[in-house]
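Colleague: The following comprises the amino acid sequence and a computationally predicted model.
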Amino acid sequence: MTTAVLSARPGAALRGRIRVPGDKSISHRALILGALATGRTTVSGLLEGEDILATGRAMQAFGATVGRTGEGEWTIEGHGGFSTPAQVIDCGNAGTGVRLIMGAAAGFPITATFTGDASLQKRPMGRVLEPLSEMGVRYEARDGGRLPLTLHGGALKGLTYVLPMASAQVKSAVLLAGLNAEGGVTVIEPEATRDHTERMLRAFGAEVIVADREDGRHVRLPAGQALTGTHVEVPGDPSSAAFPIVAGLITPGSEITIEGVMLNSSRTGLFETLIEMGGDLTITNQREAGGEEVGDIVVRHSALTGVVVPPERAPSMIDEYPILAVAAAFATGETVMRGVGEMRVKESDRIALMAAGLQACGVEVVEEPEGFMVRGTGAAPRGGGMITTHGDHRIAMSHLILGLAAREPVRVDEPGMIATSFPTFASLMRGLGGDIAEG
Ligand SMILES: O=C(O)C1=C[C@@H](OP(=O)(O)O)[C@@H](O)[C@H](O)C1
Ligand SMILES: C=C(OP(=O)(O)O)C(=O)O
């Protein structure tokens, strides 16, 4: 982690065509399923961010052979199971990494100790430990299930589990443990969350039965299934594309094209919301790639109007509320974001940090326990803040985008953390004409 400061200065219109790195959710899953499978998995377009590199090292530690053959090109030789690792599994900053890997490891008669960085050590792991314990996992953890923790897996029973919160990570942990549980598993999600695990399990040869019922989506993984190595093509990450998209909307004179963005409807809530706000966002060249819908997104500077974001949209844009709040700061009127309490247990308390950061830049924000409201005046906010990010990549990137179009520069601390999810962020934004520099 670096302690340098990065600043964004208002300036020119942003113009050009870019491609954002591969999707983070799919990249984690490709490495994990590749390691669980038998045989060779090849991946193209893998996100080479710190979160994913940590998952790659973890898969090596559990016995897979993971290698890089070119930019974004990786191979995983899986042995159809995990063996006891010789070292502590350090997942760095990645909630997705540690929660999915704990689920995957739980199915095997092994012991493993997991840890992460200071941010990850504060995040709740009980949400995964609870269903895994019901399946038969034993563990030792700090207060209420925080990292570091030691997990003892194997001899799992099947489970039908109703998700107590909208979390694709918890769903995925149960499904991955279910691969080696007697009787298989069913996860019932009252609110549908991203479905990348279900799709990828099928791509690796497993049967996954999904049914939409009155009480939610039922995802059933029948028992006794083996995974076989395959090829995974990772599409562009919509959660990363969100940053240049909002930059284009709020910076006068801008026109940007972002190529190859994944358009899975469980991830596109932000795009819907921006269009409702009056954002000029068009999708061209829509096609299928690697089992996902992708397209090129063209964005032009637009006059935005505040909206009430439907709370039921939250799972499809949970990581995008920080950058939506920046768009809202440039809009006319109030943007209301409710039903987003999950934001408080991400890499940081994202409601608190967005409220503090925007207020430091002269924007009016009202914070609520499970939401917040941003009041825009239709004019560029003052900017000028020095933002404390608590090492949260999305807090850093959101405020840098604000700084490109505010009246005064915006500075963020711990910018090194941006490399967890979007290592090329600053260089791509500079290539479009954005003034982002150290100091
Ligand atoms: O499953 C995934 O890949 C993710 C699920 C979401 O977390 P939750 O499951 O905690 O909502 C999201 O915030 C995270 O960035 C990635
Ligand atoms: C919440 C995020 O990731 P994770 O939970 O994997 O740390 C994110 O990338 O915004």
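Modeller: Here it is on my side, so go on. Ligands and ions are numbered 1, 2, ... in the order given.

Colleague: mind listing the helices for this structure?
Modeller: In the chain, the segments counted as helices under DSSP state H are 24-36, 50-61, 95-106, 118-122, 126-135, 168-178, 196-203, 238-250, 269-276, 321-330, 350-360, 393-405, 425-431.

Colleague: tell me what the last one is packed against?
Modeller: Same thing as helix 425-431. strand 15-19, helix 238-250, helix 393-405, strand 435-438 (3 or more CB pairs under 8 Å, 6 or more residues apart in numbering; DSSP states H and E). For the C-beta atoms, the positions are set from N, CA and C on the backbone; glycine is no exception.

Colleague: Please compute how far the second one lies from its chain's middle.
Modeller: Distance, stretch centre to chain centre, for helix 238-250: 15 Å (CA atoms, centre = their mean, to the nearest Å).

Colleague: packing partners for that helix?
Modeller: Using 3+ CB pairs under 8 Å, 6+ apart, helix 238-250 sits against strand 255-262, helix 269-276, strand 280-289, strand 292-300, helix 321-330, helix 393-405, helix 425-431.

Colleague: Get me the contact residues on this protein for ligand 1.
Modeller: Counting by CB under 6 Å from any ligand atom, the chain comes close to ligand 1 at 25, 95, 96, 167, 168, 169, 172, 194, 318, 319, 342.

Colleague: Keep these, but drop any that are not near ligand 2.
Modeller: Answer for the residues of the chain next to ligand 1 near ligand 2 (CB under 6 Å from any ligand atom): 95, 96, 319.

Colleague: Could you pull up the contacting residues of the residue nearest to the first one when sequence neighbours are not counted?
Modeller: Leaving aside its chain neighbours, residue 95 sits nearest to residue 123 (5.7 Å; criterion: CB to CB, 6 or more residues apart in numbering). Residue 123 is in contact with 95, 116, 146, 147, 345, 346, 347, counting by CB atoms under 8 Å, 6 or more residues apart in numbering.

Colleague: quick one, phi/psi of residue 123?
Modeller: Phi and psi for residue 123, reported as degrees, to the nearest 10, are phi -90, psi 150.

Colleague: Let me know whether stretch 39-47 sits next to ligand 2.
Modeller: No - Stretch 39-47 stays clear of ligand 2 (CB under 6 Å from any ligand atom), getting no nearer than 10.7 Å.

Colleague: Pull the distance from that stretch to the chain's centre.
Modeller: For stretch 39-47, the distance to the chain centre is 19 Å (CA atoms, centre = their mean).

Colleague: try stretch 336-353
Modeller: Distance of stretch 336-353 from the chain centroid (CA atoms, centre = their mean) equals 14 Å.

Colleague: now it: mean pLDDT?
Modeller: Mean pLDDT, stretch 336-353: 98.

Colleague: What lies in contact with it?
Modeller: Here stretch 336-353 makes contact (CB under 8 Å, 6+ apart) with 93, 95, 119-120, 123-124, 165-167, 306-309, 311-312, 314, 318-319, 321-322, 324-325, 328, 367-374, 388-395, 417.

Colleague: Emit the PyMOL select command for whichever of the residues you listed are buried.
Modeller: Only the buried entries of the contacts of stretch 336-353 go into this PyMOL selection, using 16 or more other CB atoms under 10 Å:
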select buried, resi 93+95+119+120+123+165+166+167+306+307+309+314+318+319+321+322+324+325+328+371+372+373+374+388+389+390+391+392+393+394+395+417
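
Colleague: Next, format the helices and strands packed on helix 238-250 as a markdown table and append mean pLDDT and distance to residue 228.
Modeller: As requested, these are exported to a markdown table (pLDDT from 0 to 100; distance: least, CB to CB, whole Å):
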| stretch | mean pLDDT | distance to residue 228 |
| --- | --- | --- |
| strand 255-262 | 98 | 24 |
| helix 269-276 | 98 | 33 |
| strand 280-289 | 96 | 21 |
| strand 292-300 | 97 | 20 |
| helix 321-330 | 99 | 38 |
| helix 393-405 | 98 | 34 |
| helix 425-431 | 98 | 36 |
